[in-house]
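1. take this sequence and fold it.
(2 chains)
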Protein chains: 2
Amino acid sequence: MGWGDLGVFGQPSKETPNLDSMAAQGMLFPNFYTANPLCSPSRASLLTGRLPVRNGFYTTNAHARNAYTPQEIVGGISKDEILLPQVLKKKGYVSKIIGKWHLGHSAHHLPLEHGFDEWFGAPNCHFGPYNSSDRPNVPVYNNSQMVGRYTHTHPEGLDFIFHQNMAQRPFFLYWAADATHAPVYASKRFLGKSQRGRYGDAVMELDYSVGQMLAWLRALGIDKDTFVFFTSDNGAAVMSGPKQSGSNGPFLCGKETTFEGGMREPAIAWWPGHIPAGTVSQQLGTVMDLFSTSLSVAGLSVPDDRLIDGLDLSPVLHNNTLINRPIFYYRGNEMMAVRVGPYKAHYWTWSNSWEEFNQGINFCPGQEVAGVTTHTQQEHTMQPLIFHLGWDPGEKYPISVVTKEYQDALSRITAVVEKHKKGLVPGVPQLNMCDMAVMNWAPPGCEKLGKCLKAPKSQPWKCDWPH
Amino acid sequence: MGWGDLGVFGQPSKETPNLDSMAAQGMLFPNFYTANPLCSPSRASLLTGRLPVRNGFYTTNAHARNAYTPQEIVGGISKDEILLPQVLKKKGYVSKIIGKWHLGHSAHHLPLEHGFDEWFGAPNCHFGPYNSSDRPNVPVYNNSQMVGRYTHTHPEGLDFIFHQNMAQRPFFLYWAADATHAPVYASKRFLGKSQRGRYGDAVMELDYSVGQMLAWLRALGIDKDTFVFFTSDNGAAVMSGPKQSGSNGPFLCGKETTFEGGMREPAIAWWPGHIPAGTVSQQLGTVMDLFSTSLSVAGLSVPDDRLIDGLDLSPVLHNNTLINRPIFYYRGNEMMAVRVGPYKAHYWTWSNSWEEFNQGINFCPGQEVAGVTTHTQQEHTMQPLIFHLGWDPGEKYPISVVTKEYQDALSRITAVVEKHKKGLVPGVPQLNMCDMAVMNWAPPGCEKLGKCLKAPKSQPWKCDWPH
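-> Numbering: from 1, shown residues only, chains lettered A, B, ... in the order given. Got it, this is the predicted structure:
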């Protein structure tokens, strides 16, 4: 989903009444970022509070490459990482994930091995249906057992909340909806209802679901005891074409890139009686802050044996204060850009390769900024391109290097980057190796369903990440 | 000002609390258009309820050229046109214009000659200051007399409202703020206050002024008796560079073009107790509707001796109904495009000439859609480019001509265009002739101020409109 997909963020069709209401009742974050311009690393960061380069969700197979967890990936979330539900358990929280996991699909990578108590959903994206001979259809799990292949997630969230509330147990629900990823899906009730084709239908359904969830909290009388946050894992996948992807509003490019369109996300915090209604926070936030903030809300501390990138946003939520902090934009093993205050410095620019671009794969359709949306990996480390995101949110006008503004911004940013690089101990990269044998041929539970498939012989290779 | 310059329309800095509140208390129109992608013709259309090609605010000097009223223009609003305040007078309305007139600056073109009772403001844009030898500075008028040259408009609106209210007289205030036109100006109180540089400061000041105006109506207890509408005369002038222009949100290009960025406008209707609060209308609206709607609100009919393009939006305002109607996108004497429902067909595409473009004048900076943002005047009349503005608001993906969707849309649109062209009797073009002698050398009142300048000899020529 893109920054511009919500009415409250300027979608012209204004078809997200529930999310817009959520913002009117809560706090809107127009400067909120994911940790990576694509799915798996973002989700790993959300749950660990750490940048992908620290938690291992990146590749070193080639420079500055986006990597994720397709079915042929060998790796997944490391057992050395501490995930949010693992810490929450100290205070008796029950945790459930509904939807897409995307942190590895081998048995030891699955959610119940990493702190979640319950799961309903799938380990990977479904790009299928597949014929299940050269590639299996993605399984759907109920907890640790598959219950089928390639179906869609069910409205299990309300049920989970209801049961935890009945049992008076604190809970963490990680609702990782498959929507609005391509291939875009919407239920019958929403099909053809939006002005935006099937993508808009999916957005409407997602919006409806959020509305149901908030209404449910109110109906149960626990709205004032429940912190809810809505965001996305990457910008709209504008390369998927107009009918399979959304809008990044006024921002440049989209998913897979470290321009604003790839990493700035819609974000709304909601907690009646705690977060003042109808407020806008100018705080620079990231999905990693949800790790630290959730723990703070639960009265817990973040792990003290490792570097945590997430901030505790509690003071922001309660008093709309501003905390000075940078945003780092990584692509694989490379820090492509950094934001400090309103200034963003690009140390590397790349949309995608000429080779891909000439095949019609375009991460910036209809947009082209000379020297910025480059099709070669362009190094600017000696003299970064600096933009002022206040008057130039679209990253179209690099500030002239001969100005005082440039020099002042650069010296502020340089200090931040030096500190960051000094403290950086990269994690072991988990997304380097691929193998057809590791795909979802025979997930636990397949026997009962008669859905086990025969895996091919193991032939691992270094995954090829083209962009 | 651009569609994307308001928080409620997705400006990331969210610096328009008063306009956002106005929307929360009124009705938002995300599909509202001006009548032309630049100043003078739009304003002529607003006040006459008629397209520029009917009311004469266009040129035939060259094909599809934008024309306006610089100081050297000979023409202006024709005496044959009926302006909004002239009709309102039938019901005793007192009308005032504050700010920029822009419908001609010769004596017989000025506001008090066309129905307004009062005026405080200037007849043209000030691009100056000038040295007053080859080009005079633009005068500021108080009613029919100049009171100075090249100052800025004063907060006269509150005063006007107060006096009409005291006298119990119905009033029409046309508040045509100079902001946010380049060169961008903001008062000391707002300078440096926005995140967007001086342009953002100007937006904040404009927003503040609107807030003051609405608060004033409430304080006087006449808010439930006053219909207020906020909109702009063209999209953000993105060619003026990042610090002198605003945002058109997700739309293509800007001012001077007939892409959505040039003609889709922020629009909010406010009338407590009459217009339901917090509503969004999907109605396709235009500034010309403000003519018809204002008359309807005042209990008056539109003139019946001529074709009026404006619609009475009263049913939309009161009941959020939808009225089927097309939008025409003209550039000078050419109908470039038409919108019917979600479909927009381009019969001609042009951003600006290669000559201008190569000089660095860019109406679509950072944007380029092959075959759409063309630098030659490209004719598509035999097979228009058709976009679906719901799933493709950015006009990036022309619908394939071999699809049923294209054929269906085209046949609907063709019927609308044929009807339009059949009923079209172009007005006499008023913006063809220029003459240095007609500039503001000696406006009425200049003698008292000692500010009369000597006009050169009359040497009229056919104005050159480059784009």
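2. what residue in the stretch 51-200 of chain A comes nearest to chain B?
-> Among the residues of the stretch 51-200 of chain A, A:Gln195 lies nearest to chain B; the distance is 3.6 Å by C-beta to the nearest C-beta. Every C-beta, even on glycine, is put in place using the N, C-alpha and C of the backbone.
3. which residues touch that residue?
-> A:Gln195 makes contact with A:13, A:15, B:282, B:342, B:390-391, according to C-beta atoms under 8 Å, 6 or more residues apart in numbering or on different chains.
4. over to A:Arg264?
-> Going by C-beta under 8 Å, 6+ apart, A:Arg264 touches A:3, A:31-33, A:235, A:248, A:251, B:12.
5. could I get those residues as TSV with pLDDT and neighbour count?
-> As requested, the contacts of A:Arg264 are arranged in TSV below (pLDDT from 0 to 100; neighbours: other C-beta atoms under 10 Å in any protein chain shown):
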residue	pLDDT	neighbour count
A:Trp3	98	31
A:Asn31	98	23
A:Phe32	98	27
A:Tyr33	98	27
A:Gly235	97	36
A:Asn248	97	32
A:Phe251	98	25
B:Pro12	97	25
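6. kindly indicate which of those lies nearest A:Ala122.
-> Using C-beta to C-beta, A:Gly235 comes nearest to A:Ala122 of the contacts of A:Arg264, at 22.3 Å.
7. so what touches the helix or strand harbouring A:Lys344?
-> Element membership of A:Lys344, judged by DSSP states H and E, is strand A:343-346. Where contact means C-beta under 8 Å, 6+ apart, the residues beyond strand A:343-346 that reach it are A:258, A:260, A:329, A:336-339, A:372, A:380, A:384-389, A:395, A:409-410, A:412-413, A:417.
8. ditto for stretch A:432-449
-> Contacts to stretch A:432-449, defined as C-beta under 8 Å, 6+ apart, come from residues A:59-61, A:67, A:70-75, A:105-107, A:123-124, A:135-139, A:141, A:144-149, A:452-464.
9. among those residues, name the ones in strands.
-> With strands identified by DSSP state E, the entries of the contacts of stretch A:432-449 that belong to them are A:139, A:141, A:145-149, A:461-462.
10. please indicate which of those are buried?
-> A:139, A:141, A:146, A:149 (16 or more other C-beta atoms under 10 Å in any protein chain shown).
11. which members of the residues you listed are the farthest-apart pair?
-> The most widely separated members of those are A:Tyr141 and A:Arg149, with 10.6 Å between them, by C-beta to C-beta.
12. all the strands of the stretch 201-350 of chain A, residue numbers only.
-> All strands of the stretch 201-350 of chain A, identified by DSSP state E, counting those that start in this stretch, fall at A:228-231, A:264-265, A:267-270, A:279-280, A:285-286, A:327-331, A:334-340, A:343-346, A:348-349.
13. reformat those as CSV; add distance to B:Gln430 and mean pLDDT.
-> Written out in CSV, the entries for the strands of the stretch 201-350 of chain A read as follows (distance: least, C-beta to C-beta, whole Å; pLDDT from 0 to 100):
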stretch, distance to B:Gln430, mean pLDDT
strand A:228-231, 53, 98
strand A:264-265, 46, 98
strand A:267-270, 50, 98
strand A:279-280, 45, 96
strand A:285-286, 54, 98
strand A:327-331, 53, 98
strand A:334-340, 50, 98
strand A:343-346, 47, 98
strand A:348-349, 49, 98
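14. state the distance from the residue of the stretch 301-450 of chain A found nearest chain B to B:Ala267.
-> In the stretch 301-450 of chain A, the residue found nearest to chain B is A:Gly390; the distance is 3.6 Å by C-beta to the nearest C-beta. To B:Ala267, A:Gly390 is 25 Å away according to C-beta to C-beta, to the nearest Å.
15. which one's more surrounded, these two?
-> Under the criterion of other C-beta atoms under 10 Å in any protein chain shown, the comparison of A:Gly390 against B:Ala267 puts B:Ala267 first, with 28 against 18.
16. what about the nearest residue to the more buried one once chain neighbours are set aside, distance to B:Phe227?
-> Counting by C-beta to C-beta, 6 or more residues apart in numbering or on different chains, B:Phe32 is the residue found nearest to B:Ala267 once chain neighbours are left out, at 3.4 Å. Taking C-beta to C-beta as the criterion, B:Phe32 is separated from B:Phe227 by 15 Å.
17. now the residue in chain A positioned nearest to chain B. Nearest residue, chain neighbours left out?
-> Across chain A, the shortest distance to chain B (C-beta to the nearest C-beta) belongs to A:Gly10, at 1.7 Å. In space, and not counting its chain neighbours, A:Gly10 is closest to B:Gly10: 1.7 Å by C-beta to C-beta, 6+ apart.
18. next, count neighbours for the one you found.
-> B:Gly10 is flanked by 27 other residues according to other C-beta under 10 Å.
19. and it, what does it touch?
-> Residues in contact with B:Gly10 (C-beta under 8 Å, 6+ apart) are A:4, A:9-11, A:249-250, B:4, B:249-250.
20. switch the cut-off to 10 Å
-> With contacts defined as C-beta atoms under 10 Å, 6 or more residues apart in numbering or on different chains, B:Gly10 is in contact with A:3-4, A:6-12, A:30, A:247, A:249-250, B:3-4, B:30, B:247, B:249-250.
21. neighbours of A:Gln407, how many?
-> As a burial measure, the neighbour count of A:Gln407 was computed by other C-beta under 10 Å and equals 13.
22. helix/strand/coil for it?
-> Reduced to three states with DSSP: H, G, I helix; E, B strand; the rest coil, the structure at A:Gln407 is helix.
23. so it makes contact with A:Val401?
-> Yes: at 8.1 Å, A:Gln407 counts as touching A:Val401 under the criterion of C-beta atoms under 10 Å.
24. pull up the overlap in contacts between those two.
-> Common neighbours of A:Gln407 and A:Val401 (C-beta under 10 Å, 6+ apart) are A:Ile386.
25. name the SS class of the residue of chain A positioned farthest from its centre, please.
-> Largest separation from the mean C-alpha position in chain A: A:Val402, at 37.0 Å (C-alpha atoms, centre = their mean). State at A:Val402, reduced to three classes by three-state DSSP: coil.
26. could you check the pLDDT of it?
-> According to the model's per-residue confidence, A:Val402 sits at a pLDDT of 97.
27. next one: A:Ile308
-> Reported pLDDT at A:Ile308 in the predicted model: 98.
28. give me the below-cutoff pLDDT ranges for the stretch 151-300 of chain A.
-> Low-confidence regions of the stretch 151-300 of chain A, defined here as pLDDT under 70, cover residues A:151-155.
29. mind redoing it with 50?
-> Judged by pLDDT under 50, the stretch 151-300 of chain A has its weakly predicted residues at A:152-154.
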